[in-house]
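J.: got a sequence here, can you build the structure:
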Amino acid sequence: MIDEEIKKNVLKAVDSLEDEMVRVISDIIQIPSINPYIDTGLKDERIGGETRVNAYLKPVMESFGLQTDMWEEEQGRANLVGECKGTGGGRSLIFNGHVDTVAPGPLELWDVAEPYSGKVINGRIYGRGTTDMKGADVAAIYALKALLKAGYKPKGDVIVETVSGEEMMQPEIGTSATINRGYRADAAIVVEASAPPYRLAILTASPGVLILKVTVKGKAAHTSMRDEVIRAGGRGRAVAVSAVDKAMIIYNGLLKLEEEWGQTKSHPAFTRPGHFTLCPATFAGGLDGIAFIPAECTITYVIWHAPQETKEQVIKEIETHVHNLAQTDSWLRENPPELDWWGGWWWPPYDVPKDAPICRAAAVAIEAALNEPAKYYGFTAVDDATFLNQAGIPTITLGPGSIEVAHTANEYVEIKDLLDAAKIYALTIVEWCGV
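T.: Numbers count the residues shown, from 1 in each chain. Prediction:
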């Protein structure tokens, strides 16, 4: 239980820093920091944004006494760590977030505010990276600033990390690099957006993610020969085979498997059923042009699997299913689909017990800050909590905003969410580290 006087003073201190916090967020939104590997053709013009954001945040951290460490594992892609050394006798805590973003997408879709405006409209800050996740980064920084302003010094060390590389799963230059540099703690909170379905929930697990490219071969011919392929009495495969038609056998079969997953794949952190999916992200056929019955078709899937499943289990299940689907068609039996697991890429899941000490501490802080019981769920997406947990640091996700608006046009974060998150973070320090 958090002392009422401490609670009152800390919450007041967070509220007193609202204008300053909003200004800092608005300023760093105006610094584009697109992950340069999202489109390698634009790498040269995009690289450096992550460093510029952290160069801005470094003096912000230092202004209230944090010891800072800023370095680059890859040129132009700096990480920043701010550390508040504890007075002794308390547990240590990491707050982790990333400063890289996705690209803004079509500018004409940003009809509320421009992607790098950082404008404040009706209680929201707009711009690319507001929810994902520069707003949360600053909320964590200002949680610690508010605590110190209120006159309380943590007993345990508190570390705030703003790293590069998360959007393209590059922990080796970001979060894992901080671990390798010696930044460890008794627990950590990744400050990614908690919603949906609950605002500022404690997220104890995430799915794993695989990417699969399915390529189906056909046999090209002039499009005027379509009747020979599809009509009774036609010469069929002697003339042509539409790769798109054959790919639809795989597509429909995997769609049925996805429906089955909705009934059979579950995890205690994901109380609403059906989160684990096989999402067809791209479908491409007829690349030779409109004059041909297509000789090749590819479907790329983003596969979100349950935390308790291994990469090998998921791959085996899907490969077996595709093989069985191919056996239902004479062409596919002889010309089986080619499966490419995207160079072995895999974002591993994480899974922290709901009753873990860091969960209990965050729950106490949420109840104190919001006057309501903490809610628990699984993270709908993935984040660097995976790599902190893999390093033996118990890590949850808890942050302002909603993944529903991340990566969209008119991305925004509610100022109320930011303030409430900062209050929760500050009171988590009180509960976890002691003051």
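J.: show me where this structure has its helices.
T.: 4-16, 18-29, 43-46, 49-62, 135-149, 175-180, 226-230, 243-264, 311-326, 330-334, 357-370, 385-390, 415-433 (DSSP state H).
J.: got the domain ranges for this protein?
T.: Domain ranges of the chain: 4-206+349-433, 210-346, per automatic domain parsing.
J.: now do the last one: distance to the chain's middle.
T.: Put plainly, it is domain 210-346. 26 Å (Cα atoms, centre = their mean, to the nearest Å).
J.: most remote residue from the chain's center?
T.: residue 233 (52.8 Å; Cα atoms, centre = their mean).
J.: so how far is residue 179 from that residue?
T.: 67 Å (Cβ to Cβ, to the nearest Å). C-beta here means a position set from N, CA and C on the backbone, and glycine is covered the same way.
J.: end-to-end on stretch 234-252?
T.: End-to-end span of stretch 234-252 (Cα to Cα, to the nearest Å): 25 Å.
J.: re the thing from before, tell me the pLDDT of the residue farthest from the centre of the chain.
T.: Confidence at residue 233, expressed as pLDDT, is 92.
J.: could you check how far it is from residue 227?
T.: Counting by Cβ to Cβ, the gap from residue 233 to residue 227 is 10 Å.
J.: kindly report the same for residue 51.
T.: 60 Å.
J.: when those two are compared, which one has more neighbours?
T.: In this view residue 51 and residue 227 are compared by other Cβ atoms under 10 Å, and residue 51 has more residues nearby, 22 against 10.
J.: surely the more buried one touches residue 76?
T.: Yes - applying Cβ atoms under 8 Å, one finds residue 51 in contact with residue 76, separated by 5.3 Å.
J.: so residue 52 touches residue 34, yeah?
T.: No - with contact defined as Cβ under 8 Å, residue 52 does not reach residue 34; the gap is 11.7 Å.
J.: for residue 54, which non-adjacent residue is spatially closest?
T.: In space, residue 54 comes closest to residue 80 once its chain neighbours are excluded; the distance is 3.9 Å by Cβ to Cβ, 6 or more residues apart in numbering.
J.: beta partners for that neighbour?
T.: Following DSSP bridges, residue 80 is listed with bridge partners residue 70, residue 162.
J.: kindly report the same for residue 300.
T.: residue 213, residue 282.
J.: roughly how far does it sit from residue 129?
T.: From residue 300 to residue 129 the distance is 26 Å (Cβ to Cβ).
J.: more crowded one of those two?
T.: residue 129 (31 against 17).
J.: how close does the more buried one sit to residue 92?
T.: In terms of Cβ to Cβ, residue 129 sits 28 Å off from residue 92.
J.: mind listing what's buried along stretch 63-71?
T.: 64, 66, 68-70 (16 or more other Cβ atoms under 10 Å).
J.: distance to residue 14 and pLDDT for those residues - can I get that in TSV?
T.: Written out in TSV, the entries for the buried residues of stretch 63-71 read as follows (distance: Cβ to Cβ, whole Å; pLDDT from 0 to 100):
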residue	distance to residue 14	pLDDT
64	13	98
66	17	98
68	22	98
69	25	98
70	26	98
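J.: distance to residue 191 added to those residues, as a markdown table?
T.: Formatted as a markdown table, the buried residues of stretch 63-71 follow (distance: Cβ to Cβ, whole Å):
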| residue | distance to residue 191 |
| --- | --- |
| 64 | 18 |
| 66 | 16 |
| 68 | 18 |
| 69 | 19 |
| 70 | 19 |
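J.: for the residues you listed, which one is nearest residue 307?
T.: residue 69 (32.3 Å; Cβ to Cβ).
J.: residue contacts, the closest one?
T.: Neighbour list for residue 69: 80-81, 83, 181 [criterion: Cβ atoms under 8 Å, 6 or more residues apart in numbering].
J.: from those residues, which would you call buried?
T.: 80-81, 83.
J.: between these, which sits nearest residue 162?
T.: residue 80 (4.8 Å).
J.: do you know the pLDDT at residue 363?
T.: 98.
J.: assess the claim that it and residue 372 are in contact.
T.: No - counting by Cβ under 8 Å, residue 363 sits too far from residue 372 to count as a contact (10.8 Å).
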